[in-house]
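**Q** Everything below, folded, please.
(4 chains, ligands or ions: 6)
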Protein chains: 4
Amino acid sequence: MRTGVWLVGARGSVAVTSIVGASALRAGLAEPIGCVTEHPALRGAALPGFGDLVFGGHDVATTGLLKRAEALAAAGVVPGPLVAALHGELSTVDEEVRPLPHAETQAAAAAAIAADLTAFRERHGLERVVVVNVASTEPAPAPHPAHADLAALERAMQTPEVVLPPSALVAYAALRAGCPYVDFTPSTGARLPALHELALAQRLPYAGHDGKTGETLLKAVLAPMFAMRRLAVRSWSGINLLGGGDGATLADPGANAAKSASKQRVLGETLGYVPDGHTRIEYVPDIGDFKTAWDLITFAGFLGTPMRMEFTWHGCDSALAAPLVLDLVRLVAAAHRSGHAGPLPQLAFFFKDPLGEVDHGLAAQFEALVEFAASLQ
Amino acid sequence: MRTGVWLVGARGSVAVTSIVGASALRAGLAEPIGCVTEHPALRGAALPGFGDLVFGGHDVATTGLLKRAEALAAAGVVPGPLVAALHGELSTVDEEVRPLPHAETQAAAAAAIAADLTAFRERHGLERVVVVNVASTEPAPAPHPAHADLAALERAMQTPEVVLPPSALVAYAALRAGCPYVDFTPSTGARLPALHELALAQRLPYAGHDGKTGETLLKAVLAPMFAMRRLAVRSWSGINLLGGGDGATLADPGANAAKSASKQRVLGETLGYVPDGHTRIEYVPDIGDFKTAWDLITFAGFLGTPMRMEFTWHGCDSALAAPLVLDLVRLVAAAHRSGHAGPLPQLAFFFKDPLGEVDHGLAAQFEALVEFAASLQ
Amino acid sequence: MRTGVWLVGARGSVAVTSIVGASALRAGLAEPIGCVTEHPALRGAALPGFGDLVFGGHDVATTGLLKRAEALAAAGVVPGPLVAALHGELSTVDEEVRPLPHAETQAAAAAAIAADLTAFRERHGLERVVVVNVASTEPAPAPHPAHADLAALERAMQTPEVVLPPSALVAYAALRAGCPYVDFTPSTGARLPALHELALAQRLPYAGHDGKTGETLLKAVLAPMFAMRRLAVRSWSGINLLGGGDGATLADPGANAAKSASKQRVLGETLGYVPDGHTRIEYVPDIGDFKTAWDLITFAGFLGTPMRMEFTWHGCDSALAAPLVLDLVRLVAAAHRSGHAGPLPQLAFFFKDPLGEVDHGLAAQFEALVEFAASLQ
Amino acid sequence: MRTGVWLVGARGSVAVTSIVGASALRAGLAEPIGCVTEHPALRGAALPGFGDLVFGGHDVATTGLLKRAEALAAAGVVPGPLVAALHGELSTVDEEVRPLPHAETQAAAAAAIAADLTAFRERHGLERVVVVNVASTEPAPAPHPAHADLAALERAMQTPEVVLPPSALVAYAALRAGCPYVDFTPSTGARLPALHELALAQRLPYAGHDGKTGETLLKAVLAPMFAMRRLAVRSWSGINLLGGGDGATLADPGANAAKSASKQRVLGETLGYVPDGHTRIEYVPDIGDFKTAWDLITFAGFLGTPMRMEFTWHGCDSALAAPLVLDLVRLVAAAHRSGHAGPLPQLAFFFKDPLGEVDHGLAAQFEALVEFAASLQ
Ligand SMILES: NC(=O)c1ccc[n+]([C@@H]2O[C@H](COP(=O)([O-])OP(=O)(O)OC[C@H]3O[C@@H](n4cnc5c(N)ncnc54)[C@H](O)[C@@H]3O)[C@@H](O)[C@H]2O)c1
Ligand SMILES: NC(=O)c1ccc[n+]([C@@H]2O[C@H](COP(=O)([O-])OP(=O)(O)OC[C@H]3O[C@@H](n4cnc5c(N)ncnc54)[C@H](O)[C@@H]3O)[C@@H](O)[C@H]2O)c1
Ligand SMILES: NC(=O)c1ccc[n+]([C@@H]2O[C@H](COP(=O)([O-])OP(=O)(O)OC[C@H]3O[C@@H](n4cnc5c(N)ncnc54)[C@H](O)[C@@H]3O)[C@@H](O)[C@H]2O)c1
Ligand SMILES: NC(=O)c1ccc[n+]([C@@H]2O[C@H](COP(=O)([O-])OP(=O)(O)OC[C@H]3O[C@@H](n4cnc5c(N)ncnc54)[C@H](O)[C@@H]3O)[C@@H](O)[C@H]2O)c1
Ligand code: NA
Ligand code: NA
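**A** Numbering: from 1, shown residues only, chains lettered A, B, ... in the order given. Ligands and ions are numbered 1, 2, ... in the order given. Next up, the predicted model:
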């Protein structure tokens, strides 16, 4: 089941960590720590192996993969000796990383992107290619009537107007090229009625949004705990300090707003009410690729007695995200083979802002995931 | 369904908070915050109402309930105005709190305890009385051959020898008097083969051990999170700083050891391996009834990248425990009525060190609880 | 040495806590915890006693002092029984709290304020009245040429134009009425060249700005620690979560900016460079009068090794501020008697954003304070 | 001013980090981050330069310096490229690391140690050699009458009896060989009346005990803050989690007790009373060379209002200690040259458990240090 992985943002931290990790796993140089698809409860599922994955992608940046991998090693994200040992493999993948095509109309750009995908699939004799968006987070786009309808969208794309944000353009191209699509970012991606229509027409599955790696992961187990215990959460405030490329992007208020919103959703959905407080994201260059999140939760117990908890999470975002990218590729590829089309709410476990009406508690999401994986053959 | 609640340790913080709270709920002066049996998923279950509960108990202390309630109000555990408003009710309950009977042999002591229980049941025309141990934690007892066999136990109890620790003596007396038994403490309680035999013979259910209110509650959601995500927990260290009566008792190394052990069990069972680190309990008088627990967890992500999280939990133990005591009484009374006998592993949700081979993840325990509650009629 | 204390914002949390506390100290019902002037190193200084202080003030709010004190007791800021015991005293002070005078021109308003001050001094036969601004923080005012020169200012005040922000208007009136002035807030107060001129002309001392009670207090000892040890602070980020009246005001971006700026000043001044990071203030109503501040400091040790510390401060702002207000009144009154005029940089110990070129390390500030107190007779 | 540095425990983490760092400074490959003697306030002092230091030492371990340095690089304590660049220098120093001499009597052992010191001084033409104890912490020794008197001590040392613990034996030998002595550990070292007598007779200075690098450093600024502000500290509890060689040693209850005691001393001395609470040290292998300390401080403000702060310190002990070792060598060498003899309480800034009756506040200690450094010529 040779499976292509086309990473949009292929020179970013998440992408490069995924590539280094998959290469290390194939070479037997690392254990699959953090890989959910290696959980005993999922291990039997009919998924492509790590060794079956072939990487390529688009990026607007030009620094080579090797250099990016070395920078990640210097920052403590991946082990230096591993990068050194995988020199050859990384150079090979680097040849498959293209600049993002540009054109007069979005229709033409989409065609160029789709051509890249098709050529990649054919060049490597791949059964299918899963496109994963791990590019920088975009600001939320202005609404547009053509988003609601595929025919209208395709008409608009023929004009010089920029009707789709970059992530949705790629999603469109992927679906047109017969590729399942995963959005690991909070950007729009396939989340437009017109693209939903296209996915169904093409019988392609898609998944998203926004990988759940840090504070939101904790919220997904702590909020249900308060709910199950009927403790009344009064306020939940948080701050995320991060450097790195993603931090610099999120310092932009537009991107920050998109991200902060997807971070709080879990509270309302799990508790049944929205407590006081906000989640902030703050760019602190010295923090680098290791993010520090601090949350304070105030709550009331029996007879109103006020209590509180706080936590500090000090995690390496890329090292948390990369194995999930591999998990998602394996699962979405298998879902495609099994004939799934449209959104995959069964993958809510992986996302901050999951598609569909789903339970936001992590344990329930895990159960749904296990069941889904077992159903694939 | 008038139900008696016989609290062993009736003048302690947990007991008094339970009594104040149940009285406040009956009087409509408080909301059932922290009461799991009021969760929508359990609300339909056929349980006795808060207003159906009638309280009594044993204690070795002699300070009146009212005075204890006022001390708890001064410490911020319960609202002062509530205590003032419930003066009459607390005095009434106080009349039902007896000194713990003593006798030459444990057989005679058990008979005196059982007589207190029977008289209480008859005096108030109760359908049944649930005995709950909320007395000070005992040191682990020396093993004794008579613990393994009911007949041998009853022979030994006729002699002046002290064959049972206090909690087990009460459990024996409760079961002899036809009362279901709950152990909210880490003490022995009904956890002896001979008492198991007695519970089955008497067709009585029992539950335990050690109410899950703070750090262990968090472990029961965080450890499964690490497990589901396949993150490798390298160490988990914790310290609990607490004052109050329970803190003073736990400063005793014997009691401390019993408690610390039940606190770490969840890790091994949930992760499948035991990480480095220990949990300490430390008595700091100034901390009073609000306990502060701090935990540091170090873990590895993809490719071994080291990460960490820490949390501080600042909770009022008695205000966390009291609603669970009421929940347990309601559930165990209904289980008794439905014909359950022997240990109730379905109540693992409530305990640090639950009876039986059970899942230690909180979400799975909650599911088991919901199913169990639905089965009672 | 009967000394008047005129509080601008007399119905606010800091003011009421100061009044309750001074009354309790006079009545022998409390210990002077948190009073710096009771430190052994300052105790000998020739200062007015707590019992010598007579309170009055202005406010725009109309809720009575007693009601405000009861609200503070309910919030845990002051002990309820103390408020009950001081009923009489608080009512007496309440009679001396006036609405803030308004008039057609600022000259007329200033005259009315000054008249209130003079009448207060005479009514109670006070040696002097110290005016302390503890009103809500104002946004920074627009610059105005008349701020630079007393004659120009007084001309502008005759017109209907609003040339001074409220805090500076009060400072002007105080100085005109012969009263020393203290600004406990980050507002403008006496910090204008024209008012400096007036203070010198009137031979009156003034002090400020912004009481140093929480996070900045910690910065004032931690930043010197890093400096003395030559550890290189890379980033210092903080968030302050607070409810209460002050929190609501600071939720306003203008006031927030004023406050956040005065909070970071200590870093640059003490370290000699400004590390990455910001300090945020966030209004979370449920947090109430107890503020929670969290700071993360990343720093480098020998050979660049990266390290970090974080702290959480959970303090009751009003209970930290109130004894400092009393200290400042005692010290400024004595300074006035000793003939000091103009700014008092010797009181930098008390302020986030002290007047003058001063050392920002707390220990050096304390030394300066001790020396200053000893010099007063 | 070529100065020898004789490290007892020369293959330990602190020693090796000191050696790597001094070599890097001499080679211009690093900045003196963390070096107090490079503070502007001390920079003018007449101290030997980093380039003037020549290293040697004793250890009971046999792993070469280079291997130890590489292990420290792998653990993130020192930069790997630096170790690679200093290969030659480290090998040279390694030749000066000897096994600790053993003999039938302690007199003979001392003579052998002293001979090593003298030979080192002569071999390198050093003006003086400062001996620094950075060996594993010893348990507190049993008291012995000969500790009180030099003549009695030297008689006892002639017998096979072991009258001195290892650290004191080395201190004796150092003083006999004319070398100033610094104890960076909590062990006995020169802290015996008999050795004090010897130091005075030999006109040699000595300094100690126990380098102040983490939690105690923070206590030395935070406790004075509470004291200056007259806030009443009710409890101060702490836990130190550490791996590494030092952690393994301190897991031993005897060594642990010695260390914990020196950690609490600062509180009593600075506050004037001893609050509730303890400091624990716990060995957690996975934590490695980066120690995590957590402290909770509860305190009362005005009118008794309860407040709290907590901090987490995540520091690399060896990277904090090593520059202090270099500082101490420079200062003690200069003190020796200037004619100082006996204990040096002026160096209290560096120690958890300083010699003499000294101020325990860090700022006061720094002032004393600056004055002392200025006095040396
Ligand atoms: N790391 C995590 O834990 C995590 C979790 C959830 C979501 N995400 C999201 O994943 C994305 C990647 O994160 P990262 O840390 O790797 O960021 P990064 O900044 O290191 O990488 C982003 C890459 O995208 C490229 N890029 C930007 N615009 C592009 C475009 N239009 N087309 C193609 N490439 C483009 C950039 O050149 C860069 O190489 C972000 O959107 C982030 O919010 C990350
Ligand atoms: N509060 C919690 O969150 C929590 C959680 C789990 C378990 N527990 C357990 O609940 C128990 C009660 O806790 P607490 O905080 O109320 O303690 P407490 O010290 O306030 O009360 C214990 C009471 O038991 C009484 N007692 C002691 N020995 C007795 C005996 N042999 N027979 C009858 N009474 C006896 C004491 O006089 C006291 O009144 C403890 O064992 C504690 O470990 C509490
Ligand atoms: N509490 C602390 O630790 C602390 C520390 C530093 C500075 N401060 C400053 O002290 C001030 C008071 O804080 P608080 O917590 O008591 O706030 P608060 O909101 O409880 O009280 C402010 C009072 O000022 C009154 N007021 C508003 N505008 C006024 C005006 N123009 N003239 C007269 N009165 C006016 C309000 O009606 C209110 O009663 C704030 O500016 C705050 O920033 C407080
Ligand atoms: N690192 C810090 O921040 C810090 C702070 C204060 C004190 N200290 C003290 O410094 C000492 C060294 O710490 P470390 O982290 O380097 O420990 P370490 O375990 O890495 O090194 C100790 C070295 O001492 C050697 N040794 C043991 N007994 C000896 C003896 N009798 N003679 C000669 N060598 C002997 C060991 O073989 C080892 O090489 C410890 O006592 C520690 O408590 C360290
Ligand atoms: Na923390
Ligand atoms: Na914390």
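**Q** Spell out which residues of the stretch 151-300 of chain A are next to ligand 1.
**A** A:166, A:184-185, A:210-211, A:213, A:244-246, A:249 (CB under 6 Å from any ligand atom). C-beta here means a position set from N, CA and C on the backbone, and glycine is covered the same way.
**Q** For the stretch 51-200 of chain A, just list every one of the strands.
**A** A:53-59, A:97-99, A:128-133, A:181-183 (DSSP state E, counting those that start in this stretch).
**Q** which one of these lies closest to ligand 6?
**A** Set against ligand 6 and scored by CB to the ion, those come closest in strand A:181-183, at 34.0 Å.
**Q** what residues does that closest one touch?
**A** The contact list for strand A:181-183 (CB atoms under 8 Å, 6 or more residues apart in numbering or on different chains) reads A:130-133, A:167, A:170-171, A:174-175, A:189-191, A:199, A:204, A:206-210, A:325, A:328-329, A:332.
**Q** Equivalent analysis for stretch A:221-230, please.
**A** Contacts for stretch A:221-230 (CB under 8 Å, 6+ apart): A:232-233, A:266-267, A:270-272, A:297, A:299, A:360-364, B:32-36, B:38-39, B:217-218, B:220-222, B:224-225, B:323, B:349, B:362-363, B:366.
**Q** still on that earlier bit, single out the most deeply packed of the strands of the stretch 51-200 of chain A.
**A** Highest mean neighbour count of the strands of the stretch 51-200 of chain A: strand A:181-183, a mean of 30 (counted as mean count of other CB atoms under 10 Å in any protein chain shown).
**Q** so what's the closest residue to ligand 4 within the stretch 51-200 of chain A up against?
**A** The nearest approach of the stretch 51-200 of chain A to ligand 4 comes at A:G76, 21.9 Å away (CB to the nearest ligand atom). When contacts are counted by CB under 8 Å, 6+ apart, A:G76 touches A:289-290, A:316, B:305, D:76.
**Q** Would you tell me what helix or strand the residue in chain A that ligand 5 sits nearest to is located in?
**A** At 4.5 Å from ligand 5, A:T312 is the closest residue in chain A, using CB to the ion. Per DSSP states H and E, A:T312 falls inside strand A:306-316.
**Q** Residues contacting the lowest-mean-pLDDT helix or strand in chain A, please?
**A** Ranked by mean pLDDT, DSSP states H and E, the weakest helix or strand in chain A is helix A:244-250, scoring a mean of 75. With contact meaning CB under 8 Å, 6+ apart, helix A:244-250 is reached by A:12-13, A:136-137, A:242, A:255-256, A:259, A:281, A:283-285, A:287-289, A:291, A:317-318.
**Q** follow-up on the earlier one: per-residue confidence averaged over the strand holding A:T312?
**A** Average pLDDT, strand A:306-316: 96.
**Q** Off-centre distance for it?
**A** Here the centre of strand A:306-316 is set off from its chain's centre by 24 Å, with CA atoms, centre = their mean, to the nearest Å.
**Q** ok, it near ligand 1 or not?
**A** No: judged by CB under 6 Å from any ligand atom, strand A:306-316 and ligand 1 are separated, with a smallest distance of 7.9 Å.
**Q** Next, the angle strand C:306-316 makes with that strand.
**A** If you take axes from the mean of the first three to the mean of the last three CA atoms, to 10 degrees, strand A:306-316 sits at 170 degrees to strand C:306-316.
**Q** Note down every partner strand of strand A:306-316 and its orientation.
**A** Here strand A:306-316 has these sheet partners by DSSP bridges: strand A:290-300 (antiparallel), strand B:306-316 (antiparallel).
**Q** is chain B contacted by the next helix or strand along the chain from that strand?
**A** Next helix or strand after strand A:306-316 toward the C-terminus (DSSP H and E): helix A:317-337. Yes: judged by CB under 8 Å from any CB of the partner chain, helix A:317-337 comes into contact with chain B at A:319-320, A:322-323.
**Q** Reformat those as CSV; add distance to A:G56, pLDDT and neighbour count.
**A** Converted to CSV, the residues of helix A:317-337 next to chain B look like this (distance: CB to CB, whole Å; pLDDT from 0 to 100; neighbours: other CB atoms under 10 Å in any protein chain shown):
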residue, distance to A:G56, pLDDT, neighbour count
A:A319, 22, 96, 30
A:L320, 23, 97, 25
A:A322, 16, 98, 32
A:P323, 19, 98, 28
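**Q** What is the nearest of those to B:L100?
**A** Comparing these against B:L100 with CB to CB places A:L320 closest, at 54.0 Å.
**Q** what's the spacing between that closest one and A:L217?
**A** Between A:L320 and A:L217 the distance is 8 Å, computed by CB to CB, to the nearest Å.
**Q** Repeat that for A:V163.
**A** Counting by CB to CB, the separation of A:V163 from A:L217 is 35 Å.
**Q** cool, A:L66 as well?
**A** For A:L66 relative to A:L217 (CB to CB), the value is 31 Å.
**Q** With neighbour numbers in mind, choose between those two.
**A** Between A:L66 and A:L217, counted using other CB atoms under 10 Å in any protein chain shown, the more crowded position is A:L217 (23 against 16).
**Q** So what does the closest residue in space to the more buried one that isn't next to it in sequence have for phi and psi?
**A** Excluding the flanking residues, the one nearest A:L217 by CB to CB, 6 or more residues apart in numbering or on different chains is B:M225, at 6.7 Å. Main-chain dihedrals, B:M225, degrees, to the nearest 10: phi -60, psi -50.
**Q** Thanks a lot, catch you later.
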